[in-house]
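Participant: predicted model, plus sequence, below.
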Amino acid sequence: MQYQITHKTTYDYAESAATSHNQVHLKIREIPTQNCSRREVFVEPMPEGMTDHTDYFGNTVTSFTIYEPHSRLTITSINRVMVSTIDLAQPPASVAWDTVTQRVRTQLEDDTIDASQYLYNSPYIATSPALKAYAMPSFAPGRPLFEAVLDLTQRIKREFKYAPKATNLATSIEEVLERRMGVCQDFAHLQIGCLRSLGLPARYVSGYLRTDPPAGKPRLVGVDASHAWLSVFAPPVGWVDFDPTNGCLTGQRHITLAWGRCYSDVSPIKGVVLGGGAHKLSVSVDVAPI
């Protein structure tokens, strides 16, 4: 399936901003299941210069600085990508989850060493007994890893309410667990915290999800949104992605943008501005099959 994704972010400032320094994760990641034919970022007003570099996790980061006074900043990314991910209706057989926890503690293969960095706490995710206790009903001793993780994924879908205004970046996963509501970012953080609390490496994935309009309604442009899910280390297969917001393994509707330990590593836009006062933020995302 081929998509063109247009992601536009606009900041309108109450006062003139003198300078703006920004780093953005807006160029889709090149991975075996994603073949990108276009990856561009456009900024208005025109920055002094734009550079790309690859961060620690292998994501493309675009940096730019605007020195001229401006009352509006617009950042638009356009990505065109062919996604070859295969939808999996049923999880395949795998090793037991508790065998994986032993492997990442004791074995020294390159993939295991790399995966082990995703066992530890990160700015938005801290392991806890409460998270482990919530996860445990899905993780009976000896249960296959795929089966156990998918069960937890589906439980989060059933037991938590999707509520866009219920949380913000300051909301902890302990609050999400207690209140049983949040958004895709919260559910990804929650499940990662559960898995890490069990000793399983898990990483945060940001990206996009193709959605369909209601039956009989036209497709509207710009009403899609960024999405988030997680990836778990599942030897011998490797990393496998699960979407707790939708209670499923990911498929051809999911487009990976970047990954890291949690949201802080892959936030779409991060920067500082001198002046500007209060600001109004607007975001539109369009995921169009082509």
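Facilitator: That came through fine. Numbering: from 1, shown residues only.

Participant: the most centrally placed residue in the chain: what's it in contact with?
Facilitator: Among the residues of the chain, the one closest to the centroid is residue 206, at 2.0 Å (CA atoms, centre = their mean). Shown in contact with residue 206 (CB atoms under 8 Å, 6 or more residues apart in numbering): 25, 226, 227, 228, 256, 257, 258, 259, 263, 266, 268. To be clear about C-beta, it is placed using only N, CA and C from the backbone, and glycine gets the same treatment.

Participant: lowest pLDDT pick from the residues you listed?
Facilitator: For the contacts of residue 206, the weakest pLDDT value sits at residue 226, with 91.

Participant: what's the burial count for it?
Facilitator: A total of 17 residues lie near residue 226 under the criterion other CB atoms under 10 Å.

Participant: could you do residue 142 as well?
Facilitator: For residue 142, using other CB under 10 Å, the count is 11.

Participant: my read is that it contacts residue 94, right?
Facilitator: No: contact criterion CB atoms under 8 Å: residue 142 and residue 94 do not qualify, at 11.9 Å.

Participant: about what we covered before: quick check: the residue nearest to the centre of the chain vs residue 100, distance?
Facilitator: Relative to residue 100, residue 206 is positioned 24 Å away (CB to CB, to the nearest Å).

Participant: export the contacts of residue 206 to CSV and append columns for secondary structure and distance to residue 66.
Facilitator: Below are these laid out as CSV (DSSP: H, G, I helix; E, B strand; the rest coil; distance: CB to CB, whole Å):
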residue, secondary structure, distance to residue 66
25, coil, 19
226, strand, 23
227, strand, 29
228, strand, 28
256, strand, 29
257, strand, 23
258, strand, 23
259, strand, 28
263, helix, 25
266, helix, 23
268, coil, 17
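
Participant: specify which member of the residues you listed is nearest to residue 42.
Facilitator: Using CB to CB, residue 268 is the member of the contacts of residue 206 that lies nearest residue 42, at 14.6 Å.

Participant: residues contacting that closest one?
Facilitator: Residue 268 sits next to 7, 9, 24, 25, 26, 206, 226, 257 when contact means CB under 8 Å, 6+ apart.

Participant: now do 7 Å
Facilitator: Going by CB atoms under 7 Å, 6 or more residues apart in numbering, residue 268 touches 24, 25, 26, 226.

Participant: now do residue 130
Facilitator: Residue 130 makes contacts with 174, 177, as judged by CB under 7 Å, 6+ apart.

Participant: just give me the neighbour total for residue 239.
Facilitator: As a measure of burial, residue 239 has 20 neighbours, counting by other CB under 10 Å.

Participant: now the longest strand along the chain: buried residues?
Facilitator: The longest strand of the chain (DSSP state E) is strand 2-24. For strand 2-24, burial by neighbour count (16 or more other CB atoms under 10 Å) applies to 3, 5-11, 13, 17, 20, 22, 24.
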